[in-house]
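K.L.:
please find the sequence and the predicted model below.
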Amino acid sequence: MPVFPADDIHIERAAQRLRDGGLVAFPTETVYGLGANALDASAVAKIYAAKGRPSYNPLIVHIDSVEAAQALVSGWNERAQTLARAFWPGPLTLVLPRSSRIPDIVSAGLPTVALRIPAQRVARELLERAQIPLAAPSANASGEVSPTRAAHVSASLGEHIWVVDGGDCEIGIESTVVDVSGRFASILRPGVISENEIEALIGPLTAPVSGGEEAPRPSPGMLSRHYAPRARVHVFSSLTDAHFHAVLLGENQKVGVLCFAPTRIEDAREIVLPFDPRACARRLYAALRELDEADVGLILAEEAPDSAEWAGVRDRLRRAARGHEK
């Protein structure tokens with residue numbers, strides 16, 4: 001199985017594979033990414049093929065410095081500089097007008113590009129050694145739960161994908177994505193960096209404009225159904241609702257529960273999540289995968305608090321449940 005330790009020899013081998021147009025999965029502080037040379041359209045096409053990813057869903061480009069980011073855009077602005085200074089390296093992605101160096105396939109044909117400097121050690125060493133920007137969506141089949149461990153990558157994409165094992169991801173959900181490409185700024189995907197933190201630096205944000213279901217997205221993570229386990233997911237706001245759903249929908253199938261306090265639902269496989277937004281985000285995807293591995297058919301997930309700090313967790317659960325609502 002091509003899962004390699006994150007030592008000097010294997011990081012250099014992975015960097016060479018990326019320079020040669022191949023794919024490598026690697027850890028970031030958010031989730032594991034499936035990387036390819038962002039300047040090579042043929043290499044990027046391999047990402048879409050490996051994931052079964054729709055062509056209208058763009059990719060985030062990972063770089064190792066602000067200067068590298070500026071070289072890939074046609075307009076770097078004051079808001080981008082302010083946010084980069086505050087949150088890079090880290091779990092923030094900025095959407096800006098792209099330069100002609102970025103192939104259309106990376107940005108789903110749109111005039112923008114999504115950029116991020118990761119903070120995780122292995123990701124940074126790989127970028128420094130490869131000396132190329134890396135397009136890297138989450139390293140899983142399209143629409144599935146994102147991987148936070150090397151084993152998750154192989155389970156989702158198969159054992160032919162090279163994986164550099166950097167251990168468990170520290171943050172556990174994808175980066176906050178902020179569009180600063182135009183006159184107004186907006187959050188396209190929530191994450192652990194909250195709306196309040198961003199507005200404190202660049203002022204009020206506007207709601208993003210959404211197109212049709214198959215229209216190109218300016219950011220990953222904007223598909224209506226995403227981050228989904230095999231089991232059906234229903235989000236509940238109270239223990240009464242959870243019990244009702246367990247009786248109504250869980251008949252003749254195993255039931256899993258994600259909650260912040262024990263529910264005592266009979267015969268359910270229950271996982272209690274930390275009641276802290278960052279700790280919960282770190283645990284969420286692994287918990288969803290554990291319930292899939294337990295072969296549950298229905299997952300009842302307790303709704304997270306409706307506050308800016310919890311927006312990333314709320315978003316991931318809502319998209320995992322999309323299509324299962326009654």
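P.N.:
Everything's here; your move. Just so it is clear, the structure is predicted and the values come from calculations on it, not from any experiment.

K.L.:
quickly list the domain ranges of the chain.
P.N.:
The record's domain parsing of the chain by automatic domain parsing lists 3-202, 232-321.

K.L.:
any chance of those domains in TSV, plus mean neighbour count, mean pLDDT and distance to residue 218?
P.N.:
No exception for glycine: its C-beta is placed from N, CA and C like everyone else's. Below are the domains of the chain laid out as TSV (neighbours: other Cβ atoms under 10 Å; pLDDT from 0 to 100; distance: least, Cβ to Cβ, whole Å):
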stretch	mean neighbour count	mean pLDDT	distance to residue 218
domain 3-202	20	97	6
domain 232-321	18	88	16
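
K.L.:
just the helices from the stretch 51-200 of the chain, written as ranges.
P.N.:
The residue ranges that make up the helices of the stretch 51-200 of the chain, judged by DSSP state H, counting those that start in this stretch, are 66-70, 78-87, 121-130, 150-157, 195-202.

K.L.:
residue 288 is nearest to which of the ones you listed?
P.N.:
Proximity to residue 288, assessed across the helices of the stretch 51-200 of the chain by Cβ to Cβ, is greatest for helix 150-157 (10.5 Å).

K.L.:
which secondary structure elements does that closest one contact?
P.N.:
For helix 150-157, the packing partners by 3 or more Cβ pairs under 8 Å, 6 or more residues apart in numbering; DSSP states H and E come out as strand 3-5, strand 24-26, strand 163-165, helix 277-293.

K.L.:
how about residue 161, what does it touch?
P.N.:
Shown here is residue 161, whose contacts under the criterion Cβ atoms under 8 Å, 6 or more residues apart in numbering are 2, 23, 25, 34, 50, 139, 153-154.

K.L.:
what ranges do the strands span in the protein?
P.N.:
In the chain, the strands defined using DSSP state E lie at 3-5, 24-26, 33-37, 60-62, 92-97, 112-116, 134-135, 163-165, 176-179, 186-189, 232-236, 255-259, 269-272, 298-302.

K.L.:
strand partners (parallel or antiparallel) of the first one?
P.N.:
Looking back up the chat, that one is strand 3-5. According to DSSP bridges, strand 3-5 forms sheet pairs with strand 163-165 (parallel).

K.L.:
in a markdown table, list the contacts of residue 161 along with distance to residue 183.
P.N.:
Listed next are the contacts of residue 161 as a markdown table, based on distance: Cβ to Cβ, whole Å:
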| residue | distance to residue 183 |
| --- | --- |
| 2 | 46 |
| 23 | 37 |
| 25 | 37 |
| 34 | 34 |
| 50 | 37 |
| 139 | 35 |
| 153 | 39 |
| 154 | 44 |
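
K.L.:
gap between residue 174 and residue 2?
P.N.:
Between residue 174 and residue 2 the computed distance is 24 Å (Cβ to Cβ, to the nearest Å).

K.L.:
quick check: phi and psi on the spatially closest residue to residue 311 that is not a sequence neighbour?
P.N.:
Excluding the flanking residues, the one nearest residue 311 by Cβ to Cβ, 6 or more residues apart in numbering is residue 190, at 3.8 Å. Residue 190 has phi and psi values of phi -70, psi 160 when expressed as degrees, to the nearest 10.

K.L.:
how about residue 190, what does it touch?
P.N.:
Counted by Cβ under 8 Å, 6+ apart, residue 190 has contacts 176, 311-312, 314-315.
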